[in-house]
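S.K.: Predicted model and sequence below, questions to follow.
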Amino acid sequence: MKAIQISAPGELGVVDINTPVPGEDEVLLKIKYVGFCGSDLNTFLGKNPMVRLPIIPGHEVGAVIEAVGKSVPAGLEPGMSVTVNPYTNCGKCASCRNGKVNACRYNETFGVQRDGTMCEYVAVPWTKVIPAIGLSPRDCALIEPMSVGFHAVSRAQVTDNDTVMVIGCGMIGLGAVVRAALRGADVIAVDVDDEKLALAARLGATHGINSKTEDVHARLMELTGGFGPDVVIEAVGSPVTYVMAVDEVAFTGRVVCIGYAKNEVAFQTKYFVQKELNICGSRNALPADFRGVINLLKKGNFQTDRLISKVVKPELALQAMQEWIEAPGKIFRILVEF
């Protein structure tokens, strides 16, 4: 079967691999769409230390069930639109014992620590298949990245009394914008691209700040009456935005970090104490977060077309990746169609 493989930094091509045969407790999925995400981009650039090349990328899945193993319970039927929980969990580490399987110490995500789903078929344990009845396979490919943003909002315990600043309006950040707005919060979106800020506004952000052209601190003081935001969700992963999150959050506020900073970050640690901050990480997503996104998309008033920058066939995946590198601020999601 056809698959996309990153063989070395800057090298991506179509290869032929064996079609998987599902086990008794597995589901064979016909892949329809897979999204390129930031981790795939870093892998292509040779900047993802968790990846061993060559690897098949991709973990944002829109698929249709092709066949089910004989031990798969009723409810998963051929022809059903689904997405996939792309994370593994060992069941034995501290995270798993505490019920936070999304943060398993030994997690292996599709396309990162193991071959991904950017191929024609994959076989996965039935417990990792998430039905999305009523949604198209294309929309299913948007569920996982948005669920990561939903999870961050849950980690922040956002309520309708909060002002929430979301730094970074990529797919994950936009997921956080949507979820925070659904909870009734006043949402301030921050990005360096006006097009992304405009999209954030259409998806529920009350205000937008272009951190490249505006004074972020001055605007926040204006918008929050001098207090700063109650919650800051960092969805970029750069030293500058990590520092911004801690510096700008209100006293006794909450900071949730999704992005990985690729370099060391120098904080003014006095703010941790003086502001009595709650600072936490947010990793991956839980089944409830996936369900939240699915329920949102099922309502039919969320225009997913705005989130998809381009749909390409596997043979044009390399070109699409190169275009993303040349204009990173203009890309929301690239989907590969099989």
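M.R.: Cool, got the structure.

S.K.: Report the rounded mean pLDDT for stretch 119-132.
M.R.: Across stretch 119-132, pLDDT averages out at 98.

S.K.: Let me see the domain layout of this structure.
M.R.: With domains defined by automatic domain parsing, the chain comprises 2-142+308-337, 149-281.

S.K.: Please enumerate the helices of the stretch 151-300 of the chain.
M.R.: For the stretch 151-300 of the chain, the helices defined by DSSP state H, counting those that start in this stretch cover 171-182, 194-202, 216-223, 239-248, 270-274, 287-298.

S.K.: buried sites along the last one?
M.R.: It refers to helix 287-298. For helix 287-298, the neighbour count (16 or more other C-beta atoms under 10 Å) marks 289-290, 292-294, 296-297 as buried. Glycine gets a C-beta too; all of them are placed from N, C-alpha and C.

S.K.: before we move on, what about the shortest one?
M.R.: Within helix 270-274, the residues that qualify as buried by neighbour count (16+ other C-beta under 10 Å) are residue 271.

S.K.: Residues touching it, excluding its own?
M.R.: 246-247, 251, 277, 279 (C-beta atoms under 8 Å, 6 or more residues apart in numbering).

S.K.: Just the buried residues of these.
M.R.: Here, 16+ other C-beta under 10 Å leaves 246-247, 277, 279 buried among the contacts of helix 270-274.

S.K.: what about stretch 180-193, start to end distance?
M.R.: 21 Å (C-alpha to C-alpha, to the nearest Å).

S.K.: tell me which residues of it are tucked away?
M.R.: Neighbour-count burial for stretch 180-193 [16+ other C-beta under 10 Å]: 180-181, 183, 185-191, 193.

S.K.: and it, what's its mean pLDDT?
M.R.: 97.

S.K.: ok, and what's touching it?
M.R.: 153, 158-169, 173, 177, 196-197, 200-201, 203-212, 216, 220, 223, 229, 231, 233, 244, 296, 329-330.

S.K.: Near residue 158, how many other residues are there?
M.R.: 26 (other C-beta atoms under 10 Å).

S.K.: For it, give me the pLDDT.
M.R.: 98.

S.K.: what's the distance between residue 276 and residue 249?
M.R.: Distance from residue 276 to residue 249, counting by C-beta to C-beta, to the nearest Å: 11 Å.

S.K.: May I see the domains of the chain arranged in CSV, with distance to residue 301 as well?
M.R.: What follows is the domains of the chain, written out as CSV (distance: least, C-beta to C-beta, whole Å):
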stretch, distance to residue 301
domain 2-142+308-337, 13
domain 149-281, 11
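
S.K.: any idea which of the buried ones among the contacts of helix 270-274 is the one closest to residue 65?
M.R.: residue 279 (41.1 Å; C-beta to C-beta).

S.K.: The closest one bridge partners, please.
M.R.: With DSSP bridges applied, residue 279 shows beta-bridge pairing to residue 255.

S.K.: who are the neighbours in contact with it?
M.R.: 246, 254-255, 257, 272 are the contacts of residue 279 under C-beta under 8 Å, 6+ apart.

S.K.: tell me which strands and helices the one helix or strand residue 42 maps to is in contact with?
M.R.: For residue 42, the element it lies in under DSSP states H and E is helix 38-45. Under the contact criterion of 3 or more C-beta pairs under 8 Å, 6 or more residues apart in numbering; DSSP states H and E, helix 38-45 touches strand 2-8, helix 317-326.

S.K.: coming back round to it: possible to save the contacts of helix 270-274 as JSON lines with distance to residue 116 and pLDDT?
M.R.: Formatted as JSON lines, the contacts of helix 270-274 follow (distance: C-beta to C-beta, whole Å; pLDDT from 0 to 100):
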{"residue": "246", "distance to residue 116": "34", "pLDDT": "97"}
{"residue": "247", "distance to residue 116": "37", "pLDDT": "97"}
{"residue": "251", "distance to residue 116": "43", "pLDDT": "98"}
{"residue": "277", "distance to residue 116": "36", "pLDDT": "98"}
{"residue": "279", "distance to residue 116": "31", "pLDDT": "97"}
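
S.K.: Export those as TSV, with columns for distance to residue 264.
M.R.: Shown next, in TSV, are these (distance: C-beta to C-beta, whole Å):
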residue	distance to residue 264
246	15
247	17
251	26
277	20
279	17
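
S.K.: gap between the residue nearest to the spatial centre of the chain and residue 29?
M.R.: By C-alpha atoms, centre = their mean, the chain has its centre lying nearest to residue 145, at 2.6 Å. Separation of residue 145 from residue 29 (C-beta to C-beta): 18 Å.

S.K.: Same question for residue 71.
M.R.: For residue 71, the distance to residue 29 - C-beta to C-beta - is 17 Å.

S.K.: Same check on residue 304?
M.R.: In terms of C-beta to C-beta, residue 304 sits 20 Å off from residue 29.
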